[in-house]
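Participant: Next comes the sequence, and after it the predicted model I'd like to discuss.
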Amino acid sequence: MGKISIFIVISAISVAVAAGGWFLVKKTRGPSAEVPIRIFESTGPNQWEIVKKLTGRDILTEEGVRLEPVHSVSGGGGGTTALQALLANNVDVAGSAWPAWVNIVAGGGKIKAVLGTSVSTKNNKSGKSGLLVLEGSSVHTIKDLVGKRIAVNVLGAEADYVIREYLKQNGLSIDQVQLVVVPGENQQQMLRSKQVDAAAWTSTGGAQWDMTVEKGGVREIPGTKNFDVKGETVFFGTGFRNDFIAQHPDTVRKYVRASDAARRLVYDEFQKDPERVKKAYADIAIEKGGNPLLARYYEGSSWTPKFPFIADKDIQWWIDRFSANGQLKPGQIKPSDVYTNEFNPKYKKN
């Protein structure tokens, strides 16, 4: 592990997380024809809400899915924290980029991804991401990052390992930079105040990255996009614990079907009228007490018209990297230990 310092946000939330505490507000499960799926309450508009606002359709009800929101005041942590909550049986479904999945499964964690939920291509939102530095920075290439401080949203996840990989591809190591953990919403401030030299966010774009670029005074370091490092790939998966899948396969199948239907509808609506979709996002954000200004940067879906399934290559890429640096033993796990497409109704096994 390289020289890493952690930017501590002093708050009750951070203290709770540091202590390993999870504070969850759970609804009592009652009798129902559908098995409730405990899921973290979305802080912003979710795909089912957007579909309902745009079309009037309640996809969850149509597919017979009952979600039971669980509120977490654990603060940041991204997908790694979400999967830890899944493993701890605090929720029934959660998602993350593949590094966290691979690490948990390799460590004996019984969880499995059942739906790929983001894809990185050259031209979609993830393809527009990258490492940002100030316009006047001395950093112009990856090699110039030696001795610099790079803000990431969390350690042990996508941004962390993508940075390691493009450093390695340029003859450098993680020991030659300093990773600083900063919540995504604070990274622009840290960059502009020169408390860090570069900001990576999750390495896959997002509203915070877009806002920073739009404000100006920054530039992207070539070769630091997620796509530059891995090519086109499904990079994020959503899934359940293995015991939940075994006990409630029909519930998992319905959830996957509802998720797939909703994301395709949002994607199609965005292609037809992006401003209408953004307005729906803003309206829902206001209703939920969220930030409607983020609607400006909403792009409907992190997908392509193909909506590719998770493939072995998406997971094997990470297994190979972790094996090469000694985190995994050769053959310790295989892609099928991490994911399955069997619950997606559109998947046809060859």
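Facilitator: That came in fine, so what should we check first?
Participant: hang on, isn't residue 196 packed against residue 145?
Facilitator: No - using CB atoms under 8 Å, residue 196 is not in contact with residue 145, being 11.6 Å away. The way it works is simple: take the backbone N, C-alpha and C, and place the C-beta from them, glycine included.
Participant: can you give me the strands for the stretch 1-150 of the chain?
Facilitator: Assigned by DSSP state E, counting those that start in this stretch, the strands in the stretch 1-150 of the chain fall at 4-6, 24-25, 37-40, 67-72, 93-97, 111-120, 132-134, 149-152.
Participant: For the third one, name the packing helices and strands.
Facilitator: It refers to strand 37-40. strand 67-72, strand 93-97 (3 or more CB pairs under 8 Å, 6 or more residues apart in numbering; DSSP states H and E).
Participant: Output those in CSV, with distance to residue 87 and mean pLDDT appended to each entry.
Facilitator: Shown next, in CSV, are the helices and strands packed on strand 37-40 (distance: least, CB to CB, whole Å; pLDDT from 0 to 100):
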stretch, distance to residue 87, mean pLDDT
strand 67-72, 14, 88
strand 93-97, 9, 94
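Participant: which of those strands sits most buried?
Facilitator: strand 93-97 (a mean of 25; mean count of other CB atoms under 10 Å).
Participant: In the protein, where is pLDDT below threshold?
Facilitator: Scanning the chain for pLDDT under 70 picks out the ranges 1-33, 72-77, 124-128, 302-304, 350.
Participant: And the helices in it?
Facilitator: 12-18, 47-55, 59-63, 78-87, 98-106, 158-169, 184-192, 207-215, 226-230, 242-247, 249-272, 274-288, 312-324, 335-338 (DSSP state H).
Participant: residues contacting the nearest residue to residue 313 once chain neighbours are set aside?
Facilitator: Counting by CB to CB, 6 or more residues apart in numbering, residue 313 lies nearest to residue 233, which is 7.4 Å off, once chain neighbours are set aside. Taking CB atoms under 8 Å, 6 or more residues apart in numbering as the criterion, residue 233 is in contact with 119-120, 313-314, 317.
Participant: starting at the chain centroid, how far to stretch 213-222?
Facilitator: 22 Å (CA atoms, centre = their mean, to the nearest Å).
Participant: To clarify, my last question referred to stretch 187-205.
Facilitator: For stretch 187-205, the separation from the chain centroid amounts to 18 Å (computed by CA atoms, centre = their mean).
Participant: Using neighbour counts, pick out the buried residues of it.
Facilitator: For stretch 187-205, the neighbour count (16 or more other CB atoms under 10 Å) marks 187-188, 190-191, 196-205 as buried.
Participant: out of the strands of the stretch 1-150 of the chain, nearest to residue 340?
Facilitator: When those are ranked by proximity to residue 340, the top entry is strand 111-120, at 6.0 Å, counting by CB to CB.
Participant: helices or strands next to the closest one in the packing?
Facilitator: The contact analysis (3+ CB pairs under 8 Å, 6+ apart) places strand 111-120 against helix 78-87, strand 93-97, helix 98-106, helix 226-230, strand 233-241, helix 242-247, helix 249-272, helix 335-338.
Participant: Take the ones you listed and write them to JSON lines, including distance to residue 289.
Facilitator: Below are these laid out as JSON lines (distance: least, CB to CB, whole Å):
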{"stretch": "helix 78-87", "distance to residue 289": "21"}
{"stretch": "strand 93-97", "distance to residue 289": "23"}
{"stretch": "helix 98-106", "distance to residue 289": "29"}
{"stretch": "helix 226-230", "distance to residue 289": "31"}
{"stretch": "strand 233-241", "distance to residue 289": "25"}
{"stretch": "helix 242-247", "distance to residue 289": "30"}
{"stretch": "helix 249-272", "distance to residue 289": "22"}
{"stretch": "helix 335-338", "distance to residue 289": "36"}
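Participant: of all those, which lies closest to residue 172?
Facilitator: helix 226-230 (13.7 Å).
Participant: so what's the residue nearest to residue 313 bridging to?
Facilitator: On the basis of DSSP bridges, residue 233 is bridged to residue 120.
Participant: so how far is residue 118 from it?
Facilitator: 10 Å (CB to CB, to the nearest Å).
Participant: likewise residue 322?
Facilitator: For residue 322, the distance to residue 118 equals 20 Å [CB to CB].
Participant: For those two, indicate the residue with more neighbours.
Facilitator: Legend: neighbour count by other CB atoms under 10 Å for residue 322 and residue 118, higher for residue 118 (22 against 19).
Participant: Count the neighbours of residue 242 for me.
Facilitator: The local packing of residue 242 (other CB under 10 Å) involves 13 other residues.
Participant: Is it in contact with residue 113, as I believe?
Facilitator: No - Residue 242 lies out of contact with residue 113 (CB under 8 Å); the separation is 11.3 Å.
Participant: Any chance you could list residues touching both of those two?
Facilitator: With contacts taken as CB under 8 Å, 6+ apart, residue 242 and residue 113 have no neighbour in common.
Participant: just to revisit the earlier point, wait, which of the strands of the stretch 1-150 of the chain is closest to residue 248?
Facilitator: Among the strands of the stretch 1-150 of the chain, the nearest to residue 248 by CB to CB is strand 37-40 (8.5 Å).
Participant: List the pairing partners of the closest one within its sheet, with orientation.
Facilitator: In its sheet, and by DSSP bridges, strand 37-40 pairs with strand 67-72 (parallel).
Participant: Just give me how far the partner strand sits from the chain centre.
Facilitator: Taking CA atoms, centre = their mean, the mean C-alpha location of strand 67-72 is offset from the chain mean by 18 Å.
Participant: Dump it to CSV, keeping only the CA atoms.
Facilitator: Extracted in CSV, the C-alpha atoms of strand 67-72 (Å, rounded to 0.1, in the frame of the first residue of the first chain):
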residue,chain,number,x,y,z
LEU,A,67,-38.7,-2.2,-1.5
GLU,A,68,-38.1,-1.5,2.1
PRO,A,69,-36.0,1.7,2.5
VAL,A,70,-33.2,1.6,5.0
HIS,A,71,-31.8,4.9,6.1
SER,A,72,-28.1,5.1,6.7
